[in-house]
Each structure stands twice: as C-alpha cells, then as structure tokens.
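**Q** 3D model of this:
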Amino acid sequence: MPSIFVSYFTQNTFVHHYNTTEKDSLHLDNPHADFGKRLVKFKGSRLWNNLPDSVKTLNSIPAFKNSLKNYLLTA
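**A** The predicted model follows:
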C-alpha cells in the first residue's frame, strides 16, 4: 500500500485482537448513510480486501500496477 494511505486505513488487527481469517484485511467502517459507502476509505478498503493475495503482496509499484490492471481486466 502506498505510504500516503497507511495512516488513513486501519487493519482489523488494530480494531480487535481475535485471530480470524480476516485479521490482515482492512477494517470496513459501517457507514450510516449511502454517502459513506462512496468515500475512498470505504471503497478503497473493500477493493483492497477483495484483491487476491498475489496482488497485495507485491513489493514493487510497477509490478503491483501491472498485476492490478490484469486482475481488473479479467475480473
């Protein structure tokens, strides 16, 4: 994840300490209105959580961009 967004999103491990399968996913706040579902914080978290691990674990930005593009075009 780009360093600019690290403090904007929260991982589930910082919200609760249960050892679940989603512990490494980004926390999805429960928006109280439809407007909240359109915010980058909600949509970005949902998009990131739905990406396969093979895309999320890439360390190089060019490789990440290429893999993300291929994923989105084939999904």
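**Q** and Thr13, what is it in contact with?
**A** Contact partners of Thr13, counting by Cβ atoms under 8 Å, 6 or more residues apart in numbering, are Lys23, Asp24. For glycine as for every other residue, the C-beta is placed from the backbone atoms N, C-alpha and C.
**Q** what about it, helix or strand, and which?
**A** helix 12-15 (DSSP states H and E).
**Q** Buried residues in the helix or strand following that helix, which are they?
**A** Counting by DSSP H and E, the next helix or strand C-terminal to helix 12-15 is helix 40-50. Within helix 40-50, the residues that count as buried by 16 or more other Cβ atoms under 10 Å are Lys41, Phe42, Ser45.
**Q** any weak-confidence spans in this structure?
**A** 1-2, 4-6, 32, 36 (pLDDT under 70).
**Q** now the closest residue to Trp48 other than its chain neighbours, which residues is it bridged with?
**A** Setting aside the residues directly before and after it, Trp48 is nearest to Leu26 in space (Cβ to Cβ, 6 or more residues apart in numbering), at 5.3 Å. With DSSP bridges as the criterion, Leu26 is bridged to Gln11.
**Q** list the contacts for Leu26?
**A** Phe9, Thr10, Gln11, Asn12, Gly44, Ser45, Trp48, Asn49.
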